[in-house]
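A.B. asks: no letters, just coordinates:
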């Protein structure tokens, strides 16, 4: 898992050409005016622009992906993301290969998940071993946010 501000995206270009292209999409497009939905970038890379309302964090919904790496970038608003390594979880809802998602629950003996508050201009990169619960509220109320999730086929 990586957490940083988009100003430092260039520091992660050495992780591969696909990740570099994902960051370049974020940096070279007017995401605030981009319509919601899927935007193809290159072979094995696409972006999903979303406008959603955050959820209260008392019951996070943990997810993981097997085929894709996520770059989750907050365009506007603030979002809390909980995360931990996959070894701390048990299956909750089985893996859906068409959607490349499985939902998990913390093991009883696992420590609390890690928490980051992702502000406008920040991003988090989640690899297949990184279980995450996005779209959580940073405070006591819910907030409308706009974000983009760049999906990168893991090789």
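C.D. replies: That came in fine, so what should we check first? Bear in mind that the values here come from a model prediction, so they are computed numbers and not experimental data.

A.B. asks: so how far is residue 39 from residue 5?
C.D. replies: As judged by Cβ to Cβ, to the nearest Å, residue 5 and residue 39 stand 22 Å apart. The C-beta positions use only the backbone N, C-alpha and C, and glycine is treated the same way.

A.B. asks: and for residue 81?
C.D. replies: Separation of residue 81 from residue 39 (Cβ to Cβ) stands at 22 Å.

A.B. asks: so residue 86 makes contact with residue 104?
C.D. replies: Yes. Using Cβ atoms under 8 Å, residue 86 is in contact with residue 104, at 7.5 Å.

A.B. asks: for the two, indicate the residue with more neighbours.
C.D. replies: residue 104 (21 against 14; other Cβ atoms under 10 Å).

A.B. asks: what's the spacing between the more buried one and residue 74?
C.D. replies: 23 Å.

A.B. asks: element containing residue 79?
C.D. replies: Following DSSP states H and E, the helix or strand that holds residue 79 is strand 78-85.

A.B. asks: direction included, what does that strand pair against?
C.D. replies: In the sheet, strand 78-85 lines up against strand 114-119 (antiparallel), strand 130-136 (antiparallel) (DSSP bridges).

A.B. asks: just the buried positions in stretch 66-74, please.
C.D. replies: Buried residues in stretch 66-74, defined by neighbour count with 16 or more other Cβ atoms under 10 Å: 68, 69, 70, 71, 72, 73, 74.

A.B. asks: scratch that, stretch 80-100 is what I was asking about
C.D. replies: Of the residues in stretch 80-100, those buried (16+ other Cβ under 10 Å) are 80, 81, 82, 83, 84, 88, 89, 100.

A.B. asks: thought the fourth one was touching residue 126?
C.D. replies: Going back to what we said before, that points to residue 83. Yes. With contact defined as Cβ under 8 Å, residue 83 and residue 126 form a contacting pair (6.9 Å).

A.B. asks: give me the common contacts of these two.
C.D. replies: 1, 132 (Cβ atoms under 8 Å, 6 or more residues apart in numbering).

A.B. asks: picking up where we left off before, give me the common contacts of residue 86 and residue 104.
C.D. replies: With Cβ under 8 Å, 6+ apart as the test, residue 86 and residue 104 both reach 64, 131.
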